[in-house]
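*Asks:* sequence plus predicted model, see below.
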Amino acid sequence: MDETSCRPRQDRILLGENLELLPGFADGSFQLIYIDPPFNTGRRQERRTLRAVADPGASREGFGGRRYRTELLGRSDYADSFDDYLAFLAPRLEHAHRLLGEEGTLYFHIDYREAHRCKLLLDEIFGRECFLNEIIWAYDYGGRSRRRWPAKHDTILVYVKDPERYHFDSEEVDREPYMAPGLAGAEKAARGKLPTDVWWHTIVHTNGAEKTGYPTQKPEGVLRRVVAASSRPGDWCLDFFAGSGTLGAVAARLGRRYVLIDSNPEAVRVMRRRLAAVEAELHATPGRERGEGPSAAAGMRA
């Protein structure tokens, strides 16, 4: 570690290569690290922003027989292919291990194509004894193959820095309905049950309030469980493949601090706009103010 490395003092959004910026943070600086790296699908990922426009002569028919056409408002994309994926990830995950505090937790979000290989790499870096969970985020959206079981889940591998000291507070996590409430009893059914390691949660809706238009945006509901369970108010959270900034948005709303890093200028623009709106929302709500917003230098290289 460089002798100039330091702990974060204010929320930051940084533009740059994470492998260049991570050495600037001191060992044990973060309680929680969540990363959603490129999935190495071998394809170019794209997110389009569309608008529906009423048009009596259009071919698409909606509610009540009304016809409409769609207009393309914008498009963002990125390459998702690496010749040696594990060699790309390894030095970054080594930094993740170094940067976690003794009570800290890493949530590593990946898809089914690479999950098995990434688990072996994480076992090597963190130690098998530090493996806590394999979370399955299941959703029901998009096309369905007729030649195999449709792939409708992502995997989140959870590792802790110290298996004897990690922080996990299940009471802070949102509860969900029982599948058979009649068997649980009225009191338990009313309270709901703690989630298991299979999380059913929709993707970000194309017309939802959360939508930023960024290709890899993840829903706040999924990150809310992560942040609530594995950090406390005031703790520092890091995402160095930050994309649309969902971790930062959730951290801010839950009273945590954040550092977000991405090498894509468009991602940084999206994050700065999104986090500024979150901070304005918090300051406008009595009793919900929290620490300083993103650094004035956010979006610049460290």
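*Replies:* Structure received.
*Asks:* within the helices and strands, which one has Gly182?
*Replies:* Here Gly182, judged by DSSP states H and E, is contained in helix 181-184.
*Asks:* then Leu86?
*Replies:* Going by DSSP H and E, Leu86 is in helix 85-99.
*Asks:* what sits up against that helix?
*Replies:* Outside helix 85-99, the residues that touch it by Cβ atoms under 8 Å, 6 or more residues apart in numbering are 1, 18-19, 22-23, 25, 27-30, 33, 35, 37, 40, 82, 106, 108, 114, 117-118, 121-122, 125-126, 161, 238, 240. Glycine gets a C-beta too; all of them are placed from N, C-alpha and C.
*Asks:* what subset of those residues is buried?
*Replies:* With burial judged by 16 or more other Cβ atoms under 10 Å, the buried subset of the contacts of helix 85-99 is 18, 22, 25, 29-30, 33, 35, 37, 40, 106, 108, 114, 118, 121-122, 125-126, 161, 238, 240.
*Asks:* go ahead and confirm Gly243 touches Gly213.
*Replies:* No: with contact taken as Cβ atoms under 8 Å, Gly243 and Gly213 are classed as non-touching, separated by 11.4 Å.
*Asks:* more neighbours, these two?
*Replies:* Taking neighbours as other Cβ atoms under 10 Å, Gly243 and Gly213 compare with Gly243 leading, 25 against 17.
*Asks:* OK, contacts around the more buried one?
*Replies:* Contacts for Gly243 were tallied using Cβ under 8 Å, 6+ apart; they are Asp36, Tyr214, Pro215, Thr216, Gln217, Lys218, Asp262, Asn264, Ala267, Val270.
*Asks:* so which of the buried ones among the contacts of helix 85-99 belong to strands?
*Replies:* Mapping these onto strands (DSSP state E) picks out Phe30, Ile33, Ile35, Leu106, Phe108, Leu238.
*Asks:* how about those, which pair is most distant?
*Replies:* Pairwise distances across these peak at 14.1 Å for Phe30 and Phe108 (criterion: Cβ to Cβ).
*Asks:* in the helix holding Gly182, what's buried?
*Replies:* By neighbour count with 16+ other Cβ under 10 Å, helix 181-184 contains the buried residues Ala184.
*Asks:* I'd like the next helix or strand past it.
*Replies:* Reading on from helix 181-184 to the C-terminus, the next helix or strand found by DSSP H and E is helix 186-191.
*Asks:* with just CA atoms, put that following helix into CSV.
*Replies:* C-alpha atoms of helix 186-191 as CSV (Å, rounded to 0.1, in the frame of the first residue of the first chain):
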residue,chain,number,x,y,z
ALA,A,186,-51.8,-14.8,12.3
GLU,A,187,-49.1,-13.1,14.3
LYS,A,188,-46.2,-14.4,12.2
ALA,A,189,-48.1,-13.9,8.9
ALA,A,190,-48.7,-10.2,9.8
ARG,A,191,-45.0,-9.7,10.6
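*Asks:* where does the protein dip in pLDDT?
*Replies:* Within the chain, the segments meeting pLDDT under 70 span 1-4, 39-55, 58-83, 287-302.
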